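Asks: model the structure of this input:
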Amino acid sequence: MITNTRMLLVALACTLSIQSTHSFFSFGRFKTPPLDEMHLVRGKAKRTSLNPDNISILVWNIYKGKNDSWREDFPELSKDRDLLLIQETDSDLRVQNTLEKMKDFRWDTGISFTYSKKVGSFTGTLIGSKVEPKKVDVLRSKYKEPLVRTHKVITSALYPIEGKSESLLAITIHAINFARKSAFYHQLRQTESMIRNHKGPVVFGGDFNCRSKKKTLYMRNFFKELGFNEVTFRNDNRYRSGMTGRIIDYIFVRDLKVLDSEVYGHLKSSDHMAMSVDLAY
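Replies: All right, here's what the predicted structure looks like:
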């Protein structure tokens, strides 16, 4: 009973944080797009393949670009990266104008929900890439967040690697948050067949929202079972949940060598800390 009450209180707080400009009781303010409208493509990458000796990746929950400093920090952190695995992208002009100025990238957005009163609006997960993908998929969570009744999405893409027959599978997740643990477990398992069937390297990063010990343990066992290694950081000052103090942003890799990794804890342009990893295949 105490656990259920706590979850409801947290969900109420989540409602407030999703869109601070809306009134609290905003049950009809969010819409789920049709499945064939979940994938949005903008921009064009100039390259056709990744360099196997150095694949540089940025992973970041960008807090919908709400903080003014994000518009300077994001292009600066992204300029030398091959792939950007982003959570909480948004249709707000502050975000879209920034992306538009970054000419070398293609942007693949997986849309989780739209704002009912804003035509053309969206939020979700995003992969920015300097290499044109061979294939992109968007997975919608089966379960919804309580009260606000919104789905979460996973965006994945396949990228050619120069001189290799294999491709890199890149996956970014914004995990379901305040629903039951089983909803989080189910969302992770949505990627299982994709990963098992992929014959090549994989990088899987994002905001896993694993605020409890049980969710964190399940997540780590899931990746261990599939042959992944968890990326560690020499300066590990990643964002921690205000509720439980647990880290919720992670990067996992399979069949890739970690050359370097870093957390940009000094930046204040999001409520989460940006993470980078340099890899070789």
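
Asks: alpha carbons only for contacts and neighbour counts from here, please
Replies: Fine.

Asks: list the contacts for Met243?
Replies: Listed by Cα atoms under 8 Å, 6 or more residues apart in numbering, the contact set of Met243 reads Arg211.

Asks: state the pLDDT value of it.
Replies: The predicted structure scores Met243 at 85 on the pLDDT scale.

Asks: so it is in which element?
Replies: For Met243, there is no host helix or strand (DSSP states H and E).

Asks: please report phi then psi for it.
Replies: Met243 has phi and psi values of phi -80, psi -50 when expressed as degrees, to the nearest 10.

Asks: where is the longest strand in the protein?
Replies: Within the chain, and with DSSP state E defining each element, the longest strand by residue count is strand 106-115.

Asks: which residues does Thr109 contact?
Replies: The contact partners of Thr109, by Cα under 8 Å, 6+ apart, come to Met38, His39, Leu40, Val41, Thr89, Gly124, Thr125, Leu126, Ile127, Thr155.

Asks: stretch 30-44: how far from the chain's middle?
Replies: 15 Å (Cα atoms, centre = their mean, to the nearest Å).

Asks: just the buried positions in that stretch, please.
Replies: Of all the residues in stretch 30-44, those buried under the rule 16 or more other Cα atoms under 10 Å are Phe30, Lys31, Thr32, Met38, His39, Gly43, Lys44.

Asks: in contact with the fifth one, which residues?
Replies: By that I understand His39. For His39, the residues meeting the contact criterion (Cα under 8 Å, 6+ apart) are Asp108, Thr109, Gly110, Ile111, Asp137, Val138.

Asks: what's the most distant pair in those residues?
Replies: In the contacts of His39, the most distant members under the criterion Cα to Cα are Ile111 and Asp137, with 11.3 Å between them.

Asks: which one of those two has more residues nearby?
Replies: When Ile111 and Asp137 are compared on other Cα atoms under 10 Å, the one with more neighbours turns out to be Ile111, at 31 against 16.

Asks: which residues of the stretch 51-200 of the chain fall in helices?
Replies: 70-78, 93-101, 181-189, 192-197 (DSSP state H, counting those that start in this stretch).

Asks: centre of the chain to the next helix or strand after the shortest one, how far?
Replies: Spelled out, it's helix 192-197. For helix 192-197, the following helix or strand on the C-terminal side (DSSP H and E) is strand 202-207. For strand 202-207, the gap between its own C-alpha mean and the chain's C-alpha mean amounts to 7 Å (Cα atoms, centre = their mean).

Asks: what pairs with strand 202-207, parallel or antiparallel?
Replies: When sheet partners are counted by DSSP bridges, strand 202-207 sits next to strand 167-174 (parallel), strand 249-254 (antiparallel).

Asks: between those strands, which one is closest to Asp53.
Replies: Nearest of these (Cα to Cα): strand 167-174, 12.9 Å.

Asks: angle of the closest one against strand 106-115?
Replies: If you take axes from the mean of the first three to the mean of the last three Cα atoms, to 10 degrees, strand 167-174 sits at 30 degrees to strand 106-115.

Asks: average pLDDT for the longest strand of the chain?
Replies: Mean predicted confidence for strand 106-115 is 97.

Asks: returning to what we had before: including secondary structure and distance to Glu162, could the buried residues of stretch 30-44 go into JSON lines?
Replies: Converted to JSON lines, the buried residues of stretch 30-44 look like this (DSSP: H, G, I helix; E, B strand; the rest coil; distance: Cα to Cα, whole Å):
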{"residue": "Phe30", "secondary structure": "strand", "distance to Glu162": "42"}
{"residue": "Lys31", "secondary structure": "strand", "distance to Glu162": "41"}
{"residue": "Thr32", "secondary structure": "coil", "distance to Glu162": "38"}
{"residue": "Met38", "secondary structure": "coil", "distance to Glu162": "30"}
{"residue": "His39", "secondary structure": "strand", "distance to Glu162": "26"}
{"residue": "Gly43", "secondary structure": "strand", "distance to Glu162": "22"}
{"residue": "Lys44", "secondary structure": "coil", "distance to Glu162": "19"}
